[in-house]
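Q: Mind folding the following:
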Amino acid sequence: MLKKAIGLFVSLAIAMQSVALGAFSYDDTAADGTENTAGITDEAEKTAVAENDPEYGRYLDALKRLEERKTQEKRTFMSVSGALGEAGGGAQTIGYTNDSLIHASKFDGMDRVYGIDVSYFQHDIDWEKVKADGIDFAIIRVGYRGYGTGGQLVLDYKFKENIDEAIAAGLDVGVYFYTQAITKKEAVEEADFVYNYIKNYKLQLPVYFDIESVDYDVGRLDSAGLTKAEKTELCKAFCDRIKSYGFEAGVYSNPTWLNNYINGPELGKSYPIWLANYNIYATYYNTYHVWQFSSSGEVDGIDTAVDMNVWYREPQRFGVIKNLELVTNGGSAVMTWDKVSGADRYEVYRFDPKNNTYTKIITTTRNRASFALTAADCGYCVRARRTVGTKIEYGDYSEAVYALANSVTGLTLSASRTNITANWHPDLSARGYEVYYSVGGGEYKLAGESTQPFYVINGLESAKKYSVKVRPFYSSGASRRYGSFCEPAEVTTQAAPISAGVPTELYATVDPTKIKLTWNAVPNAVSYSVFKKTDGKYVKFAETNTCSCTVSNETSGTYQIPAGDEENSFTNKYTSS
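A: So this is what the prediction gives:
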């Protein structure tokens, strides 16, 4: 039961360190100025030095504190179990549990779920032991931007192994990226980097943007001279990009940064905050939902220090069925749903809405069931169950999905830069339709409802592949019945036009019968619009894919060529007379 962590006196020491850390330094530079890895045998430390890992100093500091603590473990120890601390060893025991950590009153009534965050600094992890030791979630580093001037993006070489094995062991997972971005463009680049490695995973916690100072050194972000508002915009750029991919996005930082270097209260209104605050109570009083309270915890299955966290989560009712779908094929159907944590069986029922009765048809250990359709107006639902001792506990019945109507047909999509228009054949018996979309293969989200066989999804990103599916719904008294989802359709939003730039060196050659305009070519331009001033206004005169235009039967006039695709932003003018 996680019978290791920090005693009372060490807790107080950590509280003081949260205000001012003791002096600590390391030297990673050889005599010739290059990275010095010759004396390092640990693979993680070699990588950290060679790739300017901004977490290296924090890792070394955690190891130092862990060693200091071990000298006091004969007298006290701490438990990080999420239940009552277990007595053991000395007479005075403090545990990182409900009776040791001081939780803010605003979290009263919330579930307190204990977890860790890891990177390659935790070496080879036995995730089965981690789970058995009481850890319920892990936030896993995808990578980082090196804090040197080059600012290269680096994948954490343990990421895939860690996330795959954590999921297999039954932990909830989230991920984070340690930023050293100094522009919004770089923050978006980091988000794209992260998405490339998480797009095939389903996360229970957000994708966090880790923004903080580099311990015991000066990083490129620290020295960039950005304002508080500019650093806040970095967070928004990363998070909004991640959200556009269909993932939840959050911000990780400490009280100093949240209060002074970024606008923590503002960010907390839009994105979940993961707070780093090494103390027995949090000293940040604005919104946060995960608290990292120690960097030097010990957990079975991990041979080095590890960060400890508590996740304040809305109370979870057992057996909530999510993402229930039914697909029909003639006289049979296949129904699928998400697995329920802790469930050992699922029961599938036929629901009669007229008599409000449930008839069990299948019991299965899988989150999938196939069965014959026997009644046109019946719904089908699921409930989870688990065995606790000698008793069986049941979750609630899911919503009913109906097979009385086929899914909508004829779904077609058309897209502009920022919206998608979906059209389908009408179902005259349907009360309305629900429209769902996903981006880049991510999780489907409800776009909205329509009473007509079409819907426009607005506010999308350009040049992104989207998938759309639709299902009808029907009225049955006061309840809603659903038909099946149709096969998804895909479309890619249009790319934003390339701004072709400014044509230069606009000249005119005039002879008795015509004017010939010429100009220099603009890279990436596919055509040029030529405008002529007529009655005080500029009117489009010609479109050409060459760098010249002839105006016949004219010997004077004023002509302009706009920059890029902005027809009213004239930057070149030639007046002939």
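Q: okay, and for the chain, where does confidence drop off?
A: Within the chain, the stretches with pLDDT under 70 are 1-41, 69-99, 330, 375-377, 403-406, 429, 475-480, 497-501, 563-577.
Q: At which residues are the helices of it located?
A: If you assign secondary structure with DSSP state H, the helices in the chain sit at 8-17, 43-50, 56-70, 127-132, 159-168, 184-198, 228-244, 255-256, 264-270.
Q: which helices and strands sit right next to the second one?
A: The one in question is helix 43-50. Counting contacts by 3 or more Cβ pairs under 8 Å, 6 or more residues apart in numbering; DSSP states H and E, helix 43-50 packs against helix 56-70. Every residue, glycine included, has its C-beta placed from N, CA and C.
Q: mind checking how far the nearest residue to Asn423 once chain neighbours are set aside is from Arg317?
A: Among residues not flanking Asn423 along the chain, Phe454 sits closest, at 4.6 Å (Cβ to Cβ, 6 or more residues apart in numbering). Plainly put, Phe454 is 37 Å away from Arg317 if you go by Cβ to Cβ, to the nearest Å.
Q: So for these two, which sits in the more crowded spot?
A: Counted by other Cβ atoms under 10 Å, Phe454 and Arg317 do not tie: Phe454 has more neighbours, with 14 against 8.
Q: what sits against that one?
A: 421-424 (Cβ atoms under 8 Å, 6 or more residues apart in numbering).
Q: ok so, going back, how about the helices of the chain, which one is nearest Val340?
A: Val340 lies closest, by Cβ to Cβ, to one member of those: helix 159-168, at 15.5 Å.
Q: in the closest one, what counts as buried?
A: For helix 159-168, burial by neighbour count (16 or more other Cβ atoms under 10 Å) applies to 159, 162-163, 165-167.
Q: do stretch 140-159 as well
A: Buried, per 16+ other Cβ under 10 Å, within stretch 140-159: 140-147, 151, 153-156, 158-159.
Q: same thing with stretch 187-195?
A: Quick answer for stretch 187-195 (16+ other Cβ under 10 Å): 187-191, 193-195.
Q: repeat for stretch 214-231
A: Here stretch 214-231 shows 214-215, 217, 219-222, 226, 231 as buried, counting by 16+ other Cβ under 10 Å.
Q: Nearest residue to the residue in the chain sticking out farthest from the centre in space, please, no chain neighbours.
A: Distance from the C-alpha centroid of the chain peaks at Pro512, with 66.2 Å (Cα atoms, centre = their mean). Nearest-residue entry for Pro512: Thr555, 6.9 Å, with adjacent residues in sequence omitted and distances by Cβ to Cβ, 6+ apart.
Q: again with Val526
A: Using Cβ to Cβ, 6+ apart, the closest residue to Val526 is Asn545 (6.6 Å).
Q: Please verify my assumption that that neighbour contacts Tyr528.
A: Yes - here Asn545 lies in contact with Tyr528, judged by Cβ atoms under 8 Å, at a distance of 7.5 Å.
Q: what about those two, which has more around it?
A: Tyr528 (21 against 8).
Q: Contact partners for the more buried one?
A: Counting by Cβ under 8 Å, 6+ apart, Tyr528 touches 503, 519, 522, 543-547, 549, 561.
Q: ok, back up a step: would TSV of the helices of the chain with distance to Arg350 be doable?
A: As requested, those are exported to TSV (distance: least, Cβ to Cβ, whole Å):
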stretch	distance to Arg350
helix 8-17	57
helix 43-50	55
helix 56-70	56
helix 127-132	37
helix 159-168	33
helix 184-198	38
helix 228-244	39
helix 255-256	55
helix 264-270	43
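Q: Out of those, which gets nearest to Asn329?
A: Nearest to Asn329 among these is helix 159-168 (30.9 Å), distances taken as Cβ to Cβ.
Q: Can you show me the CA trace of the closest one as CSV?
A: C-alpha atoms of helix 159-168 as CSV (Å, rounded to 0.1, in the frame of the first residue of the first chain):
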residue,chain,number,x,y,z
PHE,A,159,6.8,7.3,-24.0
LYS,A,160,5.3,4.5,-26.0
GLU,A,161,6.5,1.8,-23.6
ASN,A,162,5.1,3.7,-20.7
ILE,A,163,1.7,4.6,-22.1
ASP,A,164,1.1,1.1,-23.6
GLU,A,165,2.0,-0.7,-20.4
ALA,A,166,0.2,1.8,-18.1
ILE,A,167,-3.0,1.3,-20.1
ALA,A,168,-2.5,-2.5,-20.1
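Q: Now for the nearest residue to Arg112 once chain neighbours are set aside, how many residues are close by?
A: Among residues not flanking Arg112 along the chain, Val310 sits closest, at 5.4 Å (Cβ to Cβ, 6+ apart). Using other Cβ under 10 Å, Val310 has 25 neighbouring residues.
Q: What pairs with the lengthiest strand in the chain, parallel or antiparallel?
A: Longest strand in the chain by number of residues (criterion: DSSP state E): strand 465-476. The pairing partners recorded for strand 465-476 under DSSP bridges are strand 432-439 (antiparallel), strand 479-482 (antiparallel), strand 489-492 (antiparallel).
Q: and among those strands, the most buried is which?
A: Counting by mean count of other Cβ atoms under 10 Å, strand 432-439 has the highest mean neighbour count of these, with a mean of 20.
Q: can I get the CA coordinates of that one in CSV?
A: Listed next in CSV are the C-alpha coordinates belonging to strand 432-439 (Å, rounded to 0.1, in the frame of the first residue of the first chain):
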residue,chain,number,x,y,z
GLY,A,432,-34.7,15.2,-35.5
TYR,A,433,-31.0,14.3,-35.9
GLU,A,434,-27.9,14.4,-33.9
VAL,A,435,-24.7,15.2,-35.8
TYR,A,436,-21.3,14.2,-34.5
TYR,A,437,-17.8,14.9,-35.8
SER,A,438,-14.2,14.0,-35.1
VAL,A,439,-10.9,15.5,-36.3
